[in-house]
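Asker: structure, please.
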Amino acid sequence: MAEEPVFKRGDNAAATEELKKALDRRLEGFFAQTGEVSTKLAGPPMFWDVVAVGPFQAPGLEPGRVIEVGQPATILTYVYLNPSVPNPAPGQNACDIITGFGAKIELNYFTSNTQTMTAVPALSRTVCIPTTPGQCWYTDYWTFVPQEAACLYETNICVRICNCSNFYVRQYSGFARWVQNLDYDLIFGGVSWQFDHPIRFMVSDYNINALAN
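Answerer: Predicted coordinates:
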């Protein structure tokens, strides 16, 4: 059974950091134990994978996929470069090959409002992560604060690998198809991975302080 995140209550900032560390450990184990998991990227088979977790919120604000306007939520994206394919020998595996030429990993978060079928630039993002020779996994934590309510937002994460001159490397483009729903952990006490499924979340305009006034 996968390790469950354990964190202290009360201090949201500290608890969120502990949750991030627990998620990092879980994802490392996920790739180490599941050799057949693939996001079906355009590159060579199993050279690399990308998965997403969330959105999740600080303890006390769950469920993570039902967010109040003005509350922060976080999406974790995890990119894995396979150190065993095509050959685990040093310099001959995907991890060493990709990180050996100064590659960069470009992540693009594209969010749409499914009610209006329109793009939401305020909830979209681009980030470029430099690779380190021999380092096989990379994480990106994106914390956002929605300002407009909607029944359902949808976020897709597209990934590209660039060379040291910032040109996209042919065949190294794809998108996240594995998404983990941490709310399933909260309600049922188990890990829920969804395949070929974008990130979806609701933003509610319910405000208890406004009602009190």
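
Asker: for Cys136, list the residues it contacts.
Answerer: Cys136 makes contact with Tyr80, Leu81, Asn82, Pro83, Cys95, Thr99 under the criterion Cβ atoms under 8 Å, 6 or more residues apart in numbering. The way it works is simple: take the backbone N, C-alpha and C, and place the C-beta from them, glycine included.

Asker: the second one contacts Trp137, doesn't it?
Answerer: Yes - the pair Leu81 and Trp137 passes the contact test of Cβ atoms under 8 Å, sitting 7.1 Å apart.

Asker: before we move on, back to that, buried ones among the contacts of Cys136?
Answerer: Among these, the ones that count as buried by 16 or more other Cβ atoms under 10 Å are Tyr80, Leu81, Asn82, Cys95, Thr99.

Asker: give the pairing partners of the longest strand belonging to the chain; include direction for each.
Answerer: In the chain, assigned by DSSP state E, the strand with the most residues is strand 150-162. When pairing is defined by DSSP bridges, strand 150-162 lines up against strand 104-113 (antiparallel), strand 168-175 (antiparallel), strand 199-204 (antiparallel).

Asker: let's see which of the contacts of Cys136 end up in strands.
Answerer: Filtering these for strands - DSSP E - leaves Tyr80, Leu81.

Asker: how much space separates the closest residue in space to Pro83 that isn't next to it in sequence from Phe47?
Answerer: Nearest residue to Pro83 in three dimensions, chain neighbours excluded: Cys95, at 4.2 Å (Cβ to Cβ, 6 or more residues apart in numbering). Using Cβ to Cβ, to the nearest Å, one gets 9 Å for the distance from Cys95 to Phe47.

Asker: ok, now Asn93?
Answerer: Computed as Cβ to Cβ, the Asn93 to Phe47 distance reads 9 Å.

Asker: now do the same contact list for Phe195.
Answerer: Contacts of Phe195 by Cβ under 8 Å, 6+ apart are Arg177, Trp178.

Asker: where along this protein do the strands fall?
Answerer: Counting by DSSP E, the chain has strands at residues 48-56, 66-68, 73-81, 104-113, 118-119, 125-130, 137-144, 150-162, 168-175, 178-180, 193-195, 199-204.

Asker: closest to Tyr109 among the contacts of Cys136?
Answerer: Tyr80 (18.3 Å; Cβ to Cβ).

Asker: overlap in contacts, Cys95 and Phe47.
Answerer: Shared contacts of Cys95 and Phe47 (Cβ under 8 Å, 6+ apart): Leu81, Asn82.

Asker: ok, the residue nearest to Pro83 touching Pro133?
Answerer: No - using Cβ under 8 Å as the test, Cys95 is too far from Pro133 to be in contact (9.2 Å).

Asker: pull out the buried positions in stretch 63-73.
Answerer: By neighbour count on 16+ other Cβ under 10 Å, the buried set for stretch 63-73 is Pro63, Gly64, Arg65, Val66, Ile67, Glu68, Ala73.

Asker: and those as CSV, adding pLDDT?
Answerer: Converted to CSV, the buried residues of stretch 63-73 look like this (pLDDT from 0 to 100):
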residue, pLDDT
Pro63, 79
Gly64, 82
Arg65, 86
Val66, 90
Ile67, 92
Glu68, 91
Ala73, 92
